[in-house]
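J.: Following is a predicted model, sequence given first.
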Amino acid sequence: MKNNTSGLNNIFVGYFNLRENTSGSDNTTIDNYTLRNNTRGSNNTALGNQSMKANTTGGFNTAVGDDAQLANTTGSYNVSNGNGTLNSANGDNNTAIGYRAGYTNATGSGNVMISHKASYNETGSNKLYISNGDTASPLIHGDFSSGEVTINGNLTVTALKYASGNNMMRKVGNVVHIGANSFTIEDASTSSSGKDEIASSINELQIGTSTSHNTTVKSTLTIQTPTSDNHAATKSYVDTTTNANTLSINTSITSNTNSINLHTTDILKNSNSIQSNTNIINANTSDIGKNKNGVSQAVTMSGLTTAQNGKSHISIASGNFNG
């Protein structure tokens with residue numbers, strides 16, 4: 001602190017610590033060359049050889065490890081723990097934990113980098129890296145500006161809950177439940193039917209909420225044998241062909257009904273004719289009866305006065321026969 005003029009409450013242990021400081025205050029430096037070029041930066045903590053060596057005006061930084069925040073000059077509110085962490089940084093509000101985490105990021109701000117060489121080549125801002133090495137696809141990657149998180153691997157959870165405390169998603173046995181009154185999904189390997197199943201825990205499932213919503217099935221759709229009048233198979237499923245066929249059937253039935261009505265009228269007329277014929281037959285039968293009586297009265301038998309070929313002669317006379 002050979003050039004210090006107004007800096008107060010600084011603690012320095014090591015060779016060339018805070019050597020150029022003029023007005024920076026409340027700094028703590030331990031080890032050689034820490035905060036060597038600092039002039040007005042305050043409230044910094046630098047522990048490790050050459051940590052924050054180039055800092056001039058940056059404040060409220062914490063650097064632990066050799067070369068931690070080595071090139072930082074004006075960046076503030078950074079936290080780095082590990083050799084070479086945030087080595088090139090001049091941004092603000094970065095957190096780096098692990099050997100050379102955030103090593104090459106010079107101007108990025110608002111980054112969180114955890115583990116060995118996490119975010120080693122990242123140059124942007126507001127990024128989240130959790131990994132065990134220098135990779136562009138860490139196990140967990142996030143973007144604070146968009147609120148997106150990417151899991152590059154498998155995610156296992158017991159339950160996801162709403163802010164209200166109700167379950168948003170949970171797993172019970174081999175069944176995944178979605179929502180408080182659960183929409184359930186079960187794999188074929190464990191379902192009772194041996195097929196993938198989508199159902200509801202309260203035995204109600206609706207797909208779509210208005211007539212404009214459509215559901216397309218590109219394979220076989222199996223519907224249970226209906227046993228009640230509200231089962232799906234008893235409802236109407238209509239397409240253009242069905243409409244046309246239904247119209248044709250209705251027209252044919254109407255035509256046949258009209259024909260039957262006409263035939264019924266004809267049958268009624270025939271019945272009247274038959275009744276008339278029956279009356280006529282009855283009248284004829286009566287007349288025949290009368291004629292029969294007249295014929296019986298008109299028949300006489302007499303012997304021939306002259307034998308012809310040895311036979312008797314029968315004579316039939318019309319009219320009444322008296323004694």
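T.: Okay, I see it. Computed from a predicted model, the values in this text were never measured in an experiment. Numbers count the residues shown, from 1 in each chain.

J.: can you give me the helices for this protein?
T.: 240-298 (DSSP state H).

J.: So it: which segments form each domain?
T.: Structurally, the chain divides into domains by automatic domain parsing as follows: 156-205, 243-316.

J.: What confidence value was assigned to residue 75?
T.: According to the model's per-residue confidence, residue 75 sits at a pLDDT of 96.

J.: whoops, residue 59 was the one
T.: 97.

J.: same check, this time on residue 219
T.: Looking at residue 219, its pLDDT reads 72.

J.: Pull the number of nearby residues for it.
T.: The burial count assigned to residue 219 is 4, neighbours taken as other C-beta atoms under 10 Å. Backbone N, C-alpha and C define where each C-beta goes, glycine included.

J.: Residue 157 versus that one, what's the distance?
T.: Distance, residue 219 to residue 157, using C-beta to C-beta, to the nearest Å: 32 Å.

J.: ok, now residue 22?
T.: Residue 22 sits 54 Å away from residue 157 when distances are taken as C-beta to C-beta.

J.: More neighbours: those two, which one.
T.: Legend: neighbour count by other C-beta under 10 Å for residue 22 and residue 157, higher for residue 22 (14 against 8).

J.: hey, where'd the strands end up in the stretch 101-250 of the chain?
T.: Taking DSSP state E, counting those that start in this stretch as the criterion, the stretch 101-250 of the chain contains strands spanning 112-114, 127-130, 140-143, 148-151, 159-161, 167-172, 175-178, 183-186, 197-200.

J.: Identify, out of those, the most deeply packed stretch.
T.: Of these, the one with the most neighbours on average (mean count of other C-beta atoms under 10 Å) is strand 112-114, at a mean of 23.

J.: could you give me the average pLDDT of that strand?
T.: With pLDDT averaged residue by residue, strand 112-114 scores 97.

J.: you'd agree residue 91 is up against residue 108?
T.: Yes - with contact taken as C-beta atoms under 8 Å, residue 91 and residue 108 are classed as touching, separated by 4.9 Å.

J.: what residues are shared contacts of these two?
T.: Listed contacts common to residue 91 and residue 108 are residue 125; contacts here mean C-beta atoms under 8 Å, 6 or more residues apart in numbering.

J.: For burial, what's the neighbour tally of residue 276?
T.: Using other C-beta under 10 Å, residue 276 has 10 other residues around it.

J.: now swap in residue 75 and tell me
T.: Taking other C-beta under 10 Å as the criterion, the count of residues near residue 75 is 26.

J.: now residue 40
T.: Taking other C-beta under 10 Å as the definition, residue 40 ends up with a neighbour count of 16.

J.: Contacts only, for it.
T.: Residues touching residue 40, when contacts are defined by C-beta under 8 Å, 6+ apart, comprise 22-24, 56-57.

J.: can you pull the contacts of the residue nearest to residue 67 when sequence neighbours are not counted?
T.: The shortest distance from residue 67 to any non-neighbouring residue, by C-beta to C-beta, 6 or more residues apart in numbering, is to residue 84 (4.8 Å). With contacts taken as C-beta under 8 Å, 6+ apart, residue 84 has the following neighbours: 65-68, 70, 99-100, 103.
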